[in-house]
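*Asks:* Sequence and predicted model, in that order:
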Amino acid sequence: MKLYNIFYKGDSSGNPPCYEATTDNFEKWLKEYNSHREKDFQDDADDFKVEEINLYLYNTEDKKCI
């Protein structure tokens, strides 16, 4: 499975770049993200920087949900 960190790039209104989420599907995440925003204030994929990450899990015996 590939995972991606999503960072908002910031904007000219003074909103700084910031971490938004980690997901396995950026397109679905963006659709859900925009579903909570007014139509005139929805973001495009270009508003975000998406970086593939490497995940290393070592405690695989622990079945608890975090």
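*Replies:* The structure has been received and is ready for your questions.
*Asks:* what residue ranges in the chain score low on pLDDT?
*Replies:* 62-66 (pLDDT under 70).
*Asks:* can you pull out the strands in it?
*Replies:* 3-8, 18-23, 48-53 (DSSP state E).
*Asks:* Contacts for the first one next, please.
*Replies:* Applying CB atoms under 8 Å, 6 or more residues apart in numbering, the external contacts of strand 3-8 come out as 15, 17-24, 26, 29, 43, 47-53, 55. Bear in mind the C-beta positions are built from the backbone N, C-alpha and C, glycine included.
*Asks:* Wait, residue 33 touches residue 41, no?
*Replies:* No: checked against CB atoms under 8 Å, the pair residue 33 and residue 41 is beyond contact range at 11.3 Å.
*Asks:* okay, the strands of the chain in JSON lines with distance to residue 60 and mean neighbour count next?
*Replies:* Compiled in JSON lines, these are given as follows (distance: least, CB to CB, whole Å; neighbours: other CB atoms under 10 Å):
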{"stretch": "strand 3-8", "distance to residue 60": "16", "mean neighbour count": "16"}
{"stretch": "strand 18-23", "distance to residue 60": "19", "mean neighbour count": "14"}
{"stretch": "strand 48-53", "distance to residue 60": "18", "mean neighbour count": "12"}
